[in-house]
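Undergrad: Turn this into a structure:
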Amino acid sequence: MEHAHTEGEHRFPSPEQDFEIYKAARSEGDFQHALYHLACALSTDPANAEWLQPLNEWIDAGEDLLPFVPVEDNNYFAVLAVRAYIYARVNSFNEAFGLLGQVIKVKPEVPYLVWVCEWETRIAGVDHIEADTIIGFVSGVMRSLDLLEGNVRHKVLAALVSVLRKMCQAHPKTYMLFWLLSSMHRRQEDVLAAFAAAKTAYKLNKCWNTAIGMALCFKAQGNIRKAASFYKKAGRLDPGKEAGYLDLGDLYLENGLYKKALKAYNKAADIQPDHEWAIPSILYCEYMIKKDAERLGKIEAYYKANTVNGRARELLKPLLSIAELPFVDYIPEPQEATINVLRQVAEQNPDLESGGTISLTINHLEAPSAIRAMELYLNKFGRSANPPKLNLTIDNVSEPDPRQPIAEKGAMLWSYEGFMAQPAMPMPSGQVADAVRRLAMTPYQIEDWYRTAGELAQSLTPAHLPDLFAVLTHPPEPSESVSSWRWLQRIQYAAVFLMAQLSPSKPSEPLLSLCYGQSDWPVNAAVAVLAYEAQGDPELEKAVSELFFRLMERIPQEGYCFFTYALVCSWLQLSFIDEKLREQLEQWKNDLEQRE
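TA: Predicted structure coming up:
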C-alpha cells in the first residue's frame, strides 16, 4: 500500500524529509502515517541510529505498534521490515526472523541484515524459535549477505553464526542447520569450523546438499581429489541436478584438467541442453584439449551469436582476436564539435577561476547534452567572483528539426528558446539520483549493467520514472576524475537502464518515448538497451527493428548525427534481421568507423 500524502509533503521525499514527516505525524497522533515514513527512511539506511533510537524508545515504552504496521495485500516492503523490527524488539524472534526473511528475499540490496547483529545479543534462548524459521531465513538472505562488505559483513556473519550455533544445540538432529552453519563458516574463511559443521550435516543426512557442502569444504582446503569425490557423490544422490556437475567442471578447469572438466560439463549439458554456463565451458575445454582451427571456429561462431553471455566473455573472448564491441563492452565517447572543443579546453586546463569567455561557433544545432556538458564543465568555476561564460553561435538547424519529437508520446526533456535549451523538468529526488550515480560509477558492460540495474530498481517503483527522466538533464555532481561529458553520458545511460528495469512493458515505453522525443544523447542508451532486451525474441526484434527504421529516417542529410553509430551497432545485435540488411549495416558501420 502506498500511503496518502498530506498537503505540503514532497511526492518523493528524501530520507531526511521522511524522518521529519515521521516526527510531525507522530506528534499529531497519526501513528500509521508516522511509521510509514520512518520505514521509508530506514529503507535507505537501516542502521541509522538517529532514526532507530526514537523507535526503540517508543516500543520500550510499552505501546503496541503492530496495528500501525499492518500486513496487507501489496504492502510496502519497508513497512513489513519495520513490523519485523518491532517483533524483535519485544522478543518475538520467531515472527521477526520469519517476516524479515521474506522482506530481504525480495529486497536483498537493502542491508536489513545489520539488524541481526543487535537481535543476536538479546536472544538468550532459542526454544521459541522454530528450526524451519531460521533455515528459511538464512537460506533466503545469502544474496543480501554477499552484497555486504568490510566490517559490516564481518559483524553480520558473526551474528548469523552465533544464532545458528544456538539453533544447532537446540536441534542437534536437523541437518540443514549444520549445513547452513558450514556455509557461514566458509564465508568467514574458517575452514576447520566449516568442515566440522559439514561433516555433521552429511552424517545426519547423506543428500545432494550435504555432499556439495563437503565438496566445497575440501575445495576450500585445496584437496581437489576429495572435493571431486563428493561432487560425484552429489551427482549419484540426485542425478537430475546439473549444478553439481558444473561445480565439478569448474574445479577441474581451474586446475587445468580439461578432459575431466569436459566430461563434467557434458553431464550438465545432458541434463539441461544449451545451458549458458555449460556450453561455452565445453567449447573452451574442447579447444584447450585439441587447439585446432575447427574448434576455434566453433568458439568464434558461438561467441558472435552470444555476445551477452558472461561465461562466453570470460572464457572464449580471450581466445579470439575480437575487439570489444561498442555499446556492449564500452560506451564510445561523444564526437560533437562542442565536445571536441571541450576536450581541448580541458586538456589545456586554462585558469578560469578569474573568469573569461569561451566562444564557439557551430554549423548545425547539436544535441543539447553536448552544450550541457560544456555548462557542467564551466560550473566547476562558478563559485569564483567572475565565473566563466560560454558564448555560443549556431548557424543552422538540420532537417528534420531535432528539437521536435517525431511522435505524440515523445519525451520532451528540453525547453528551447530559439537554439538554446534548458532542462524542462525539475530536479530529481535524491533517492533516484543516488541509484543512478551508483550504477554510473561501475565499469560498463551491457549485461552487467542490466543485471545491476535490476537490483537497484528493486528500491524504486514505476512512480520514480519522472525522476529518472529528470536526471537525464540534471546529473548529480561528478567526481573530479571524470570529465563532464563522460559523466553526463554515463548518468544518462544508467538512468535509461533503470527505466528499462522499471518498465513492465517490452519494448519499454519510457525508452520508446526517448527515441520518439527530442533528439538527444539518451537515444543512444535507449537503442542499445532496446536491442539487448529484444535479442533472441522474434516478436520483440521485429518491433525494435521497425523503430530503428523510423530512427534511420530521422538522420539528417547535413551535419553530424550523434545516434547513427549507436543505431547501427545496436541493430547488428539483433539475431533475426534479414541477411541483406545485415550486410548493409556492416558496411555502414565500417564506413562510420573509417571516418573517425
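Undergrad: Near residue 75, how many residues? Count them for me, please.
TA: Neighbours of residue 75 under the rule other CB atoms under 10 Å: 14. Where you see a C-beta, it was placed from the backbone N, CA and C, and this is true even at glycine.
Undergrad: For it, grab phi and psi.
TA: For residue 75, the backbone dihedrals (degrees, to the nearest 10) come out as phi -70, psi 150.
Undergrad: Pass me the low-pLDDT residue ranges in this structure, would you?
TA: Scanning the chain for pLDDT under 70 picks out 1-13, 322-323, 349-356, 380-387, 479-480, 596.
Undergrad: can you list the domains in it?
TA: The chain breaks down by automatic domain parsing into domains covering 15-205, 330-596.
Undergrad: any chance of the ones you listed in JSON lines, plus distance to residue 319?
TA: Listed next are these as JSON lines, based on distance: least, CB to CB, whole Å:
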{"stretch": "domain 15-205", "distance to residue 319": "30"}
{"stretch": "domain 330-596", "distance to residue 319": "18"}
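Undergrad: To residue 251, which of these lies closest?
TA: Closest approach to residue 251 among those is made by domain 15-205 (15.0 Å; CB to CB).
Undergrad: now the closest one, how far from the chain's geometric center?
TA: Mean C-alpha position of domain 15-205 versus that of the full chain (CA atoms, centre = their mean, to the nearest Å) differs by 23 Å.
Undergrad: do stretch 548-561 as well
TA: Between the mean C-alpha position of stretch 548-561 and that of its chain there is a distance of 32 Å (CA atoms, centre = their mean).
Undergrad: Okay, now that stretch: how far is its last residue from its first?
TA: In stretch 548-561, first residue to last residue: 14 Å (CA to CA, to the nearest Å).
Undergrad: And that stretch, what's buried?
TA: Neighbour-count burial for stretch 548-561, with 16 or more other CB atoms under 10 Å as criterion, is recorded at 548, 551, 554, 556, 559, 560, 561.
Undergrad: before we move on, back to that, to residue 301, which of the domains of the chain lies closest?
TA: Judging the domains of the chain by CB to CB, what sits closest to residue 301 is domain 330-596, at 13.0 Å.
Undergrad: Tell me the secondary structure at the residue nearest the centre of the chain.
TA: With the centre of the chain defined as its mean C-alpha position, the nearest residue by CA atoms, centre = their mean is residue 452, 1.3 Å away. Assigned by DSSP: H, G, I helix; E, B strand; the rest coil, the conformation of residue 452 is helix.
Undergrad: which residues does it contact?
TA: With contact set as CB atoms under 8 Å, 6 or more residues apart in numbering, residue 452 has these partners: 439, 442.
Undergrad: got a list of contacts for the helix or strand harbouring residue 339?
TA: Remark: residue 339 resides in helix 337-348, with elements defined by DSSP states H and E. With CB under 8 Å, 6+ apart as the test, helix 337-348 has contacts from 333, 358, 360, 362-363, 366, 370-371, 373-374, 377, 483-485, 560.
Undergrad: Mind checking which of those are in helices?
TA: Cross-referencing the contacts of helix 337-348 against helices under DSSP state H gives 370, 371, 373, 374, 377, 484, 485.
Undergrad: Now the buried members of those residues.
TA: For those, a burial check counting by 16+ other CB under 10 Å picks out 370, 371, 373, 374, 377, 484, 485.
Undergrad: Looking at these, which is nearest residue 444?
TA: residue 485 (15.0 Å).
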